[in-house]
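# Whatever this is, show me its structure:
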Amino acid sequence: MKKILVLALAGLMAVAAGTASAGVLNSEEPGEASVHGWYLFPGDGDFTVFDGAAGVQGAYREWFAFPWGIGLNAGWGYYKVDKNTGSYKVSTLGQFKGECNVVPLGLDLFFNVIDWDNWNLVLGTGIQYLIVDSDLSAWDSAAGKRQDIDVDNALMWNIEAEYEYMLSEKFYVSGGVGYQVDIVRADTECGDNDLRDTSFRGLFLRLGLKFLF
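Presented below is the predicted three-dimensional model:
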């Protein structure tokens, strides 16, 4: 199932990138490149594995039929485990350590709610495929040793609102808030234990710069 989803996402991204580069969109608006730093507050509830997360994201956006736009993004994230997490529901596991390094690849749809003289308000939604490199471990009292926790890749859906303020004709500073939820949670194993799937759900804040070209 996950292979099908990632192939579908890769296909959508390839089509979007090819369309933009070929100029088929015929947009009168300039292309936009941006870079943001972000911080994520993990979702509440007993599914929470992580104590917090931070990272960077680069993105390209084009307005194909203003106020509608489409974009591609990629980045890197660092998710630190909550050492006392009870998410995995295995009583023999404890003393959690480590982090997950995550590479998100995404496709977004945007709607420009307000296009003012020197500022914009943009709503966005999209999907991201998370490529996960797990360095998590836990003490397994049944096995009498520390065990690595293997976390598979995941698929997310997000929604956000972003405020952009013009610094010059080509540059904007922007900040946003949004929420991401799991479409497909990450399969997770520890030793001989199949654990509850890992969630990357949470509220995120972003701050960065946008460049028009």
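# Confirm for me that residue 163 is in contact with residue 176.
Yes. With contact defined as C-beta atoms under 8 Å, residue 163 reaches residue 176; the gap is 7.0 Å. (Each C-beta comes from the backbone N, C-alpha and C, glycine too.)
# Those two: which is more packed in?
Legend: neighbour count by other C-beta atoms under 10 Å for residue 163 and residue 176, higher for residue 176 (19 against 15).
# Just give me the neighbour total for the closest residue to residue 135 other than its chain neighbours.
Nearest non-adjacent residue to residue 135, counting by C-beta to C-beta, 6 or more residues apart in numbering: residue 98, 4.4 Å away. The number of residues packed near residue 98 is 15, by other C-beta under 10 Å.
# Equivalent analysis for residue 140, please.
19.
# got the contact list for it?
Neighbouring residues of residue 140 by C-beta atoms under 8 Å, 6 or more residues apart in numbering: 92-93, 146-147, 190-191, 193.
# Once you drop chain neighbours, what's closest to it?
Closest residue in space to residue 140, ignoring its immediate chain neighbours: residue 147 at 4.6 Å, by C-beta to C-beta, 6+ apart.
# same deal with residue 82?
residue 51 is the one closest to residue 82 (C-beta to C-beta, 6+ apart), at 4.2 Å.
# Could you say which helix or strand holds that neighbour?
strand 50-65 (DSSP states H and E).
# Show me how far that strand is from its chain's centre.
Strand 50-65 sits 7 Å away from the centroid of its parent chain (C-alpha atoms, centre = their mean, to the nearest Å).
# Equivalent analysis for stretch 117-133, please.
9 Å.
# so residue 176 makes contact with residue 205?
Yes. With contacts counted by C-beta under 8 Å, residue 176 reaches residue 205, the gap being 7.3 Å.
# Find residues that contact each of these two.
Listed as contacting both residue 176 and residue 205 by C-beta under 8 Å, 6+ apart is no residue at all.
# now the helices for the protein?
Assigned by DSSP state H, the chain shows helices spanning 2-22.
# low pLDDT regions in the chain?
1-27, 45 (pLDDT under 70).
# Return the strand holding residue 51 as CSV; C-alpha atoms alone will do.
Only the C-alpha atoms of strand 50-65 are listed here, as CSV (Å, rounded to 0.1, in the frame of the first residue of the first chain):
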residue,chain,number,x,y,z
PHE,A,50,8.0,12.6,20.1
ASP,A,51,8.9,15.4,22.5
GLY,A,52,9.3,18.0,19.7
ALA,A,53,10.6,18.4,16.2
ALA,A,54,12.3,21.1,14.1
GLY,A,55,13.7,21.4,10.6
VAL,A,56,14.0,23.4,7.3
GLN,A,57,12.0,23.3,4.1
GLY,A,58,12.5,24.6,0.6
ALA,A,59,9.6,25.1,-1.8
TYR,A,60,8.6,26.2,-5.3
ARG,A,61,5.2,27.7,-6.0
GLU,A,62,3.4,28.9,-9.2
TRP,A,63,0.0,30.5,-9.5
PHE,A,64,-1.6,28.6,-12.3
ALA,A,65,-5.0,30.5,-12.2
